[in-house]
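>>> Generate a structure from the sequence data that follows.
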Amino acid sequence: MINTKKSWFTLIEFIVAISIFFLISMIAFAPYSFYLNKSKVKHTDKEISQSIYEAKNKAINGSATASWNVSIGIYFDSTGINKYSYKTLSFPHAISNTIISPEAWTLIEESQLQPWIELWLFKSRENTSDYIEADKWLIFFRSISGSWSVFTWNWDNIRREVPYIENEITLDYSYKWASGLLHWDLQYFQDTQIVDY
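Coordinates of the predicted model:
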């Protein structure tokens, strides 16, 4: 007598096999996802630092996209949907600190951050123990000389120039709302014009 009974997976065996496959996939994907997001944070470092260097060079050498002999600013705003981008702006050559305001600039370029990377805040040491923190800030390079200042705005658009106790400013940003290795600080030093990340 020939046995015609076919051998198939039972429902339990099938569920166990799918569960094992799913578990192995998750174990393999988690480190890949983490390193992918970490690379977005590192790439953001390079993009912002490159923009800062380019802004200084445009202020010293002139900008063909605006006009020659213009001051240049990099404007960051960590409120609302603005926290996913930053702007390169031009100002008239002879502008003074007292009239730098959102109405005084011309947009040269708006740069998007890497996907899901968002700005948090700006920090600068006001004295040996206290930091200034702000949601909106402008790194401003004067035309020809390339000297720079930082200005911040509070919630009611009152501007202040930031003092440099330790000649450095810090930009905070992260992947989504992460902390640890997916939250990063970029430091810019006034004396040496070096960006450290």
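>>> Check the gap between residue 27 and residue 20 for me.
11 Å (C-beta to C-beta, to the nearest Å). (Each C-beta comes from the backbone N, C-alpha and C, glycine too.)
>>> nope, residue 123 is what I meant
With C-beta to C-beta as the criterion, residue 123 and residue 20 are 48 Å apart.
>>> Could you report the neighbour count for residue 77?
Residues near residue 77, counting by other C-beta atoms under 10 Å, number 19.
>>> Surely it and residue 135 touch.
Yes: here residue 77 reaches residue 135: they are 6.9 Å apart, a contact under C-beta atoms under 8 Å.
>>> circling back: neighbour count for residue 123 and residue 20, which is higher?
The neighbour comparison of residue 123 against residue 20 (other C-beta under 10 Å) goes to residue 123, with 19 against 10.
>>> what about that one, which SS state?
When classified by DSSP: H, G, I helix; E, B strand; the rest coil, residue 123 comes out as strand.
>>> Contacts only, for it.
131-133, 169-170, 172 (C-beta atoms under 8 Å, 6 or more residues apart in numbering).
>>> nearest residue to it other than its sequence neighbours?
residue 170 (4.4 Å; C-beta to C-beta, 6 or more residues apart in numbering).
>>> Quick check: beta-bridge partners of the one you found?
residue 123, residue 187 (DSSP bridges).
>>> What distance do you get for it to residue 39?
Applying C-beta to C-beta, the value for residue 170 to residue 39 is 22 Å.
>>> In terms of neighbours, single out the busier of the two.
residue 170 (16 against 11).
>>> The more buried one and residue 74: what is the separation?
14 Å.
>>> sorry, back to before: any idea of the pLDDT on the residue nearest to residue 123?
The model reports residue 170 with a pLDDT of 79.
>>> Out of the contacts of residue 123, who's the most crowded?
Going by other C-beta under 10 Å, residue 169 tops the contacts of residue 123 with 21 neighbours.
>>> where in the protein is pLDDT low?
Filtered on pLDDT under 70, the chain yields the residue ranges 1-9, 29-30, 63-67, 94, 96-99, 101-103, 125-131, 154-158, 163-167, 190-197.
>>> Could you pull out the helices in it for me?
Along the chain, the segments classed as helices by DSSP state H run 11-61.
>>> And for residue 137, the neighbour number?
With other C-beta under 10 Å as criterion, residue 137 counts 27.
>>> what are the bridge partners for it, then?
residue 76, residue 152.
>>> And it, how close does it get to residue 84?
Per C-beta to C-beta, residue 137 is found 16 Å from residue 84.
>>> Next: residue 44.
Counting by C-beta to C-beta, the gap from residue 44 to residue 84 is 11 Å.
>>> Compare the two and say which is more crowded by neighbours.
More crowded of residue 44 and residue 84, by other C-beta under 10 Å: residue 44, with 22 against 16.
>>> Spatially nearest residue to residue 139 (excluding sequence neighbours)?
In space, residue 139 is closest to residue 74, 4.6 Å off (C-beta to C-beta, 6+ apart).
>>> Tell me which residues touch that neighbour, please.
51-52, 55, 86-89, 138-139.
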